[in-house]
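**Q** below are the sequence and a predicted model; questions follow.
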Amino acid sequence: MAITQIATIAVMVSDENKAKEWYKKKLNFEIMSNEPHWIVVGPKGSSTGFHLCPDAELEPGNQGIVLKADNIEKTCKEMKNNGVEFVRELSPSEWDETMRYAIFEDPDGNEFWLM
(Lines give C-alpha, C1' and ligand atoms only; values in the text may rest on other atoms or scores of the structure.)
Protein backbone atom coordinates (compact mmCIF):
# COMPACT_ATOMS: atom_id res chain seq x y z
CA MET A 1 0.00 0.00 0.00
CA ALA A 2 1.25 3.48 -0.85
CA ILE A 3 -0.56 6.77 -0.51
CA THR A 4 0.90 8.96 -3.23
CA GLN A 5 -0.63 12.40 -2.70
CA ILE A 6 -3.30 14.50 -1.03
CA ALA A 7 -6.01 15.25 -3.59
CA THR A 8 -8.29 17.77 -1.86
CA ILE A 9 -8.71 19.62 1.42
CA ALA A 10 -12.26 20.53 2.46
CA VAL A 11 -12.95 24.21 3.07
CA MET A 12 -16.41 25.04 4.43
CA VAL A 13 -18.16 27.86 2.56
CA SER A 14 -21.61 29.44 2.68
CA ASP A 15 -21.95 29.64 -1.13
CA GLU A 16 -19.73 27.46 -3.33
CA ASN A 17 -20.17 29.57 -6.49
CA LYS A 18 -19.40 32.82 -4.66
CA ALA A 19 -16.38 31.15 -3.02
CA LYS A 20 -15.20 29.76 -6.37
CA GLU A 21 -15.15 33.26 -7.86
CA TRP A 22 -13.38 34.70 -4.79
CA TYR A 23 -10.56 32.12 -4.92
CA LYS A 24 -10.27 32.56 -8.69
CA LYS A 25 -10.19 36.39 -8.64
CA LYS A 26 -8.44 37.12 -5.36
CA LEU A 27 -5.87 34.28 -5.22
CA ASN A 28 -5.60 33.57 -8.96
CA PHE A 29 -6.52 29.93 -8.33
CA GLU A 30 -7.66 27.71 -11.18
CA ILE A 31 -10.90 25.76 -11.20
CA MET A 32 -9.76 22.15 -11.06
CA SER A 33 -13.26 20.62 -10.99
CA ASN A 34 -16.68 22.22 -11.43
CA GLU A 35 -19.27 19.48 -10.90
CA PRO A 36 -22.43 19.60 -8.77
CA HIS A 37 -21.24 19.55 -5.14
CA TRP A 38 -17.67 19.04 -6.29
CA ILE A 39 -16.00 22.37 -6.96
CA VAL A 40 -12.24 22.21 -6.44
CA VAL A 41 -9.91 25.20 -6.80
CA GLY A 42 -6.15 25.42 -6.45
CA PRO A 43 -2.91 27.03 -7.57
CA LYS A 44 -2.04 26.65 -11.24
CA GLY A 45 -0.27 23.35 -11.83
CA SER A 46 -1.07 21.96 -8.37
CA SER A 47 -2.40 18.45 -7.93
CA THR A 48 -3.94 19.39 -4.56
CA GLY A 49 -6.91 21.73 -4.27
CA PHE A 50 -9.58 23.06 -1.93
CA HIS A 51 -12.92 21.25 -2.18
CA LEU A 52 -15.44 24.03 -1.50
CA CYS A 53 -18.08 22.44 0.75
CA PRO A 54 -21.36 24.37 1.08
CA ASP A 55 -23.40 21.87 3.06
CA ALA A 56 -21.43 21.82 6.30
CA GLU A 57 -21.60 23.98 9.39
CA LEU A 58 -19.22 26.92 9.16
CA GLU A 59 -16.57 27.29 11.83
CA PRO A 60 -14.66 30.46 10.89
CA GLY A 61 -11.12 30.92 12.14
CA ASN A 62 -7.84 29.09 11.87
CA GLN A 63 -8.23 26.11 9.55
CA GLY A 64 -4.68 24.85 10.01
CA ILE A 65 -3.94 25.35 6.32
CA VAL A 66 -0.60 26.87 5.29
CA LEU A 67 0.06 28.08 1.75
CA LYS A 68 3.61 28.51 0.46
CA ALA A 69 4.62 31.41 -1.81
CA ASP A 70 7.74 31.61 -3.94
CA ASN A 71 8.06 35.35 -3.15
CA ILE A 72 6.02 36.20 -0.07
CA GLU A 73 6.44 39.99 -0.30
CA LYS A 74 5.28 40.09 -3.93
CA THR A 75 2.47 37.62 -3.27
CA CYS A 76 1.14 39.60 -0.27
CA LYS A 77 1.21 42.80 -2.34
CA GLU A 78 -0.63 41.17 -5.26
CA MET A 79 -3.22 39.67 -2.92
CA LYS A 80 -3.83 43.06 -1.26
CA ASN A 81 -4.19 44.64 -4.70
CA ASN A 82 -6.81 41.95 -5.45
CA GLY A 83 -8.72 42.95 -2.30
CA VAL A 84 -7.67 40.15 0.04
CA GLU A 85 -7.92 41.19 3.70
CA PHE A 86 -5.08 40.19 5.99
CA VAL A 87 -5.72 39.63 9.70
CA ARG A 88 -1.97 39.50 10.31
CA GLU A 89 0.40 41.51 8.16
CA LEU A 90 3.61 39.92 6.92
CA SER A 91 5.98 39.82 9.90
CA PRO A 92 8.56 37.57 11.61
CA SER A 93 7.24 34.52 13.39
CA GLU A 94 7.32 34.30 17.17
CA TRP A 95 9.22 31.00 17.08
CA ASP A 96 11.85 31.77 14.39
CA GLU A 97 12.75 35.37 13.55
CA THR A 98 14.16 34.29 10.16
CA MET A 99 10.73 32.99 9.11
CA ARG A 100 7.94 35.37 8.15
CA TYR A 101 4.26 34.76 7.57
CA ALA A 102 0.96 36.54 7.08
CA ILE A 103 -2.62 35.42 7.74
CA PHE A 104 -5.58 36.22 5.50
CA GLU A 105 -9.20 35.15 5.46
CA ASP A 106 -11.79 34.35 2.84
CA PRO A 107 -15.33 35.83 2.82
CA ASP A 108 -16.55 33.06 5.16
CA GLY A 109 -13.91 33.83 7.80
CA ASN A 110 -11.66 30.84 7.05
CA GLU A 111 -8.10 31.83 7.96
CA PHE A 112 -5.09 30.74 5.93
CA TRP A 113 -1.42 31.18 6.73
CA LEU A 114 0.88 32.34 3.94
CA MET A 115 4.58 31.55 4.26
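**A** Everything's here; your move.
**Q** what is the least confident helix or strand in the protein?
**A** Using mean pLDDT, DSSP states H and E, strand 61-67 stands out as the lowest-scoring helix or strand of the chain, at a mean of 88.
**Q** how far does stretch 52-65 sit from the chain's center?
**A** Offset of stretch 52-65 from its chain centre (Cα atoms, centre = their mean, to the nearest Å): 11 Å.
**Q** name the residues of it that are buried.
**A** For stretch 52-65, a neighbour-count test (16 or more other Cβ atoms under 10 Å) marks Leu52, Cys53, Pro54, Gln63 as buried. Every C-beta, even on glycine, is put in place using the N, C-alpha and C of the backbone.
**Q** again with stretch 1-14
**A** Thr8, Val11, Met12, Val13.
**Q** and if you look at stretch 35-50?
**A** By 16+ other Cβ under 10 Å, the buried positions in stretch 35-50 come out as Ile39, Val40, Val41, Gly42, Pro43, Gly49, Phe50.
**Q** nearest to Met99 among those residues?
**A** Taking Cβ to Cβ as the measure, Met99 lies nearest Pro43 of these, at 20.7 Å.
**Q** quick one, what contacts that closest one?
**A** Counting by Cβ atoms under 8 Å, 6 or more residues apart in numbering, Pro43 makes contact with Leu27, Asn28, Phe29, Glu30.
**Q** and with 7 Å instead?
**A** Phe29 (Cβ atoms under 7 Å, 6 or more residues apart in numbering).
**Q** quick one: pLDDT of it?
**A** Pro43 is assigned a pLDDT of 97 by the prediction.
**Q** what comes into contact with stretch 50-58?
**A** Around stretch 50-58, the neighbours that count as contacts under Cβ under 7 Å, 6+ apart are 8-16, 19-20, 23, 38-42, 108.
**Q** same thing but at 8 Å, please
**A** For stretch 50-58, the external contacting residues (Cβ under 8 Å, 6+ apart) are 8-16, 19-20, 23, 29, 37-42, 108-109.
**Q** and what of stretch 107-115?
**A** Stretch 107-115 is touched from outside by 11-14, 18-19, 22, 58, 60-63, 65-69, 72, 75-76, 79, 87, 90, 99-106, with contacts defined as Cβ under 8 Å, 6+ apart.
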